[in-house]
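Visitor: Provided below for reference: sequence and predicted model.
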Amino acid sequence: MKRNYRALFFVLIFLLLFSVAACQNTDAARSEKPLEIAVDNWPGFMPAILADELGYFDDAGVNVDVIYSENARQQRLEFEGGAYDGITLSLGSLIAVSNKAPDTRVIFLTDISTTGDAVVAGPDIETIADLKGKRIVLGSAGYGEVVVSVMLEEAGLTRDDVIWVAMQDENEAVQMLQDGRVDAFQTWEPYVSRAVDNGAKVIFTGADVPGLIPDAIGFHEATLRERPEDVLAFTEAWFRAVDYWLANPDDAARLISNVVTLSEEEVSLDGLELLTLEENLDFFVQRDDFSSVYHAAAIYIDFFSKNGVIDRPLDINELLDDSFIAQLP
């Protein structure tokens, strides 16, 4: 009997050691696998680049692969197909994306766009009313139809009063406007400035409807469920980078421009309000005005539902998830 107890003791010790080793290997695999975050060249999304450059992700103990591209449309399509863990887009675009990727969850806002989002027009267009019967291109991110429709409505026009023209990417649209193939183009920085440099004029901006264009980061729900510690660490590092940028704008612009295809002048907070953690917590309070992300989201959901962009029920309380920012000090 003593030998049997001794054998059982050694079996239990072996199983315990094996379990500890397995847990350690699982933790190592989790921490070594990078969070893949798709980021385009909107300045409000650059805290991801800055956090990486300043080592804040390493400080937070999370491995992050920031995948930068000027092709927001391609990144969006890839995210809809299940690629990446997270993606930075306008709130309206993330709502549109959720129709094909229903597991999309918005965990915080990056910024509020003011003059950084605009409609630019050619030399023959003096006012919004002049767009009647004219050709207009929407930016590829997916929220522009709402912006342009609000603009047209303010001028007494409807969506049927303009001719919608397709394009592949923003640089192409800038060229189309310059060549006279279209009369107006809805876009964002740095393409607003690039179009103006080529002779276009700004006829409408997000500042005309304050709060209409919040930008945000969305994650696949599976990532939030399977890697909550990593997502929380990413969020902490992001807002640490935001605080650094607001305190050191010139140095932040220099660090970012060394990595991306933007000049220091293009890496500017002009035209947007970069949002801190405290401001995010306030935006996630439910109110019936643009001081709440719920109000802005409801406007996009209603518009997209009426115009066939969304063809399934969308639970706003499921889409918006403030549980990660709520955990930060």
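Guide: Ah, there it is.

Visitor: show me what contacts Arg287?
Guide: 294-295 (CB atoms under 8 Å, 6 or more residues apart in numbering). C-beta: built from backbone N, CA, C; applies to glycine.

Visitor: Numbering from 333 from now on, please.
Guide: Will do, 333 is the new start, and the previous item becomes Arg619.

Visitor: what pLDDT does it get?
Guide: pLDDT, the model's per-residue confidence, is 97 for Arg619.

Visitor: CA atoms of stretch 646-654 as PDB?
Guide: As requested, C-alpha coordinates have been extracted for stretch 646-654 and formatted as PDB (Å, rounded to 0.1, in the frame of the first residue of the first chain):
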ATOM      1  CA  LEU A 646     -28.000  46.400 -35.200                       C
ATOM      2  CA  ASP A 647     -28.000  46.600 -31.400                       C
ATOM      3  CA  ILE A 648     -26.200  49.900 -30.500                       C
ATOM      4  CA  ASN A 649     -25.500  48.700 -27.000                       C
ATOM      5  CA  GLU A 650     -23.700  45.600 -28.400                       C
ATOM      6  CA  LEU A 651     -21.800  47.700 -31.000                       C
ATOM      7  CA  LEU A 652     -20.500  50.200 -28.400                       C
ATOM      8  CA  ASP A 653     -18.300  48.600 -25.700                       C
ATOM      9  CA  ASP A 654     -16.800  51.000 -23.100                       C
END
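
Visitor: quick one: buried residues of it?
Guide: Of the residues in stretch 646-654, those scored as buried under the neighbour-count criterion (16 or more other CB atoms under 10 Å) are 646, 651-654.

Visitor: Repeat that for stretch 638-648.
Guide: Of the residues in stretch 638-648, 641-642, 646 count as buried by neighbour count, 16+ other CB under 10 Å.

Visitor: how far does that stretch sit from the chain's center?
Guide: Centroid separation between stretch 638-648 and its chain, computed with CA atoms, centre = their mean, to the nearest Å, is 20 Å.

Visitor: gap between the two ends of it?
Guide: Its first and final residues considered, stretch 638-648 spans 16 Å by CA to CA, to the nearest Å.

Visitor: Stretch 374-381 now?
Guide: Across its full length, stretch 374-381 reaches 11 Å end to end, with CA to CA as the criterion.

Visitor: Go ahead and list the helix or strand containing the closest residue to Val641 other than its chain neighbours.
Guide: Using CB to CB, 6 or more residues apart in numbering and skipping the chain neighbours, the partner closest in space to Val641 is Ala428 (5.4 Å). Secondary-structure element containing Ala428, defined by DSSP states H and E: helix 423-429.

Visitor: Over to Ile381?
Guide: helix 379-385.

Visitor: ok but Ala370 is inside a helix, no?
Guide: No - assessed with DSSP: H, G, I helix; E, B strand; the rest coil, Ala370 is strand; it does not lie in a helix.

Visitor: Tell me how many other residues surround it.
Guide: Around Ala370 sit 26 other residues, with neighbours defined as other CB atoms under 10 Å.

Visitor: likewise Asp575?
Guide: Counted with other CB under 10 Å, the burial measure for Asp575 works out to 13 neighbours.

Visitor: Over to Ile495?
Guide: Around Ile495 there are 13 other residues, counting by other CB under 10 Å.

Visitor: how about the nearest residue to it, chain neighbours excluded?
Guide: Of all residues not flanking Ile495 in the chain, Arg467 sits nearest, at 4.7 Å (CB to CB, 6+ apart).

Visitor: again, but for Asp493
Guide: Spatially, and ignoring its direct neighbours in sequence, Asp493 is nearest to Lys464 (4.9 Å; CB to CB, 6+ apart).

Visitor: Based on its surroundings, how many neighbours for the one you found?
Guide: Neighbour count of Lys464, defined by other CB under 10 Å: 13.

Visitor: Return the residues in contact with it.
Guide: Counting by CB under 8 Å, 6+ apart, Lys464 touches 489, 493-494.
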